[in-house]
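> Structural data only, the sequence is not supplied:
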């Protein structure tokens with residue numbers, strides 16, 4: 001297993017498509033890309049991405065996105081596939097500045113992620129790493145906004161990396177499901193489908209999109225969309241937040 005990075009900075013473009021159209025793009029990508037190494041280690045052609053999102057009591061992160069705040073951020077736990085004692089669980093801040101995404105994370109374990117332990121754990125890590133400015137931001141952002149876990153989101157991800165540029169990634173996120181939860185292990189029987197017939201495609205790159213990828217975007221008539229898995233999932237479990245004014249198509 002590759003060692004996961006604790007810092008990302010890249011541009012991200014999103015597209016939302018019906019499954020039958022999205023699946024047709026994969027053969028075209030594989031002429032220029034390889035399957036992600038994480039998938040190469042698995043029997044399936046996907047892995048699970050799990051996120052437990054934090055928000056303030058007044059859902060500040062949700063309303064920042066809805067009101068179009070250009071420089072915004074989210075706080076979430078993230079882990080991959082099924083959770084176990086050995087699973088690394090990342091607590092991360094995702095910052096969005098137009099198309100630029102900057103993510104920083106700290107690696108924890110299940111015990112450290114318990115609600116009664118987290119603040120103590122973060123302060124301990126900060127004491128051990130006094131020069132780490134991200135930990136200052138993380139602790140301040142969480143405490144200043146009284147952030148608590150609100151929503152669990154899980155989906156299958158098919159991922160590809162460039163043959164010539166390993167920092168170029170394209171991901172396909174299928175079967176997005178959600179549940180109101182403050183736990184990393186919510187009840188799987190209560191997960192709700194979010195646009196179950198659609199796929200979120202994300203292009204992730206550091207510098208310039210290659211010409212062949214521009215060609216695929218044009219060939220399949222892909223149109224960019226400001227799609228937030230968190231905000232759209234939140235609408236399903238908190239109906240009063242849904243203004244019935246959003247469609248992915």
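All right, it came through fine. Since the structure is predicted, the reported quantities are computational estimates derived from the model, not experimental observations. Numbers count the residues shown, from 1 in each chain.
> host element of the nearest residue to residue 117 once chain neighbours are set aside?
Distances taken as C-beta to C-beta, 6 or more residues apart in numbering place residue 111 nearest to residue 117, at 6.7 Å, with adjacent residues excluded. The C-beta positions use only the backbone N, C-alpha and C, and glycine is treated the same way. For residue 111, there is no host helix or strand (DSSP states H and E).
> So what's the gap between the lowest-mean-pLDDT helix or strand in the chain and the chain middle?
Here the helix or strand of the chain ranked lowest by mean pLDDT, DSSP states H and E is helix 37-40, holding a mean of 85. Between the centre of helix 37-40 and the centre of its chain there are 18 Å (C-alpha atoms, centre = their mean, to the nearest Å).
> Provide the strand pairings for the next helix or strand after it, with the direction of each partner.
Scanning forward in sequence from helix 37-40 by DSSP H and E, the next helix or strand is strand 47-55. Sheet pairing of strand 47-55 (DSSP bridges) gives strand 71-80 (antiparallel), strand 148-162 (antiparallel).
> who are the neighbours of the helix or strand just after the longest one, in terms of helices and strands?
Of the helices and strands lying after strand 148-162 in sequence (DSSP H and E), the nearest is strand 169-180. Helices and strands touching strand 169-180, as assessed by 3 or more C-beta pairs under 8 Å, 6 or more residues apart in numbering; DSSP states H and E, comprise strand 148-162, strand 192-193, strand 198-205, helix 229-237.
> which one of the ones you listed lies closest to residue 70?
Comparison of the helices and strands packed on strand 169-180 against residue 70 by C-beta to C-beta identifies helix 229-237 as nearest, at 15.7 Å.
> picking up where we left off before, just give me the neighbour total for the residue nearest to residue 117.
10 (other C-beta atoms under 10 Å).
> same thing with residue 209?
Count around residue 209 with other C-beta under 10 Å applied: 14.
> what do you get for residue 188?
Count around residue 188 with other C-beta under 10 Å applied: 9.
> measure it to residue 100 for me?
Per C-beta to C-beta, to the nearest Å, residue 188 is found 35 Å from residue 100.
> Tell me where the model's unsure across the chain.
Low-confidence segments of the chain (pLDDT under 70): 1-5, 85, 115, 243-249.
> Can you tell me the centre-most residue of it?
The centre of the chain sits closest to residue 51, judged by C-alpha atoms, centre = their mean, with a distance of 6.9 Å.
> I'd like to know the beta-bridge partner residues of it.
The partner residues for residue 51, given DSSP bridges, come to residue 78, residue 153.
> circling back to that earlier point, close enough to count as contact, the residue nearest to residue 117 and residue 89?
No - when contacts are counted by C-beta atoms under 8 Å, residue 111 is not listed as touching residue 89 (9.9 Å).
> Overlap of the contact sets of those two?
With C-beta atoms under 8 Å, 6 or more residues apart in numbering applied, the contact sets of residue 111 and residue 89 do not overlap.
> coming back round to it: for the strands paired with strand 47-55, which one ends up most surrounded?
Sort the strands paired with strand 47-55 by mean neighbour count, taking mean count of other C-beta atoms under 10 Å, and strand 148-162 sits at the top with a mean of 20.
> Run the chain-centre distance for that strand.
The answer for strand 148-162 is 5 Å, by C-alpha atoms, centre = their mean.
> tell me the angle of it relative to helix 229-237?
With axes from the mean of the first three to the mean of the last three C-alpha atoms, to 10 degrees as the basis, strand 148-162 and helix 229-237 are set at 130 degrees to each other.
> Now do strand 148-162 and strand 169-180, the angle between them.
Using the same axes, to 10 degrees, the direction of strand 148-162 lies 160 degrees away from that of strand 169-180.
> Could you pull up the contacting residues of residue 202?
Here residue 202 is in contact with 12-15, 169-171, 173 (criterion: C-beta under 8 Å, 6+ apart).
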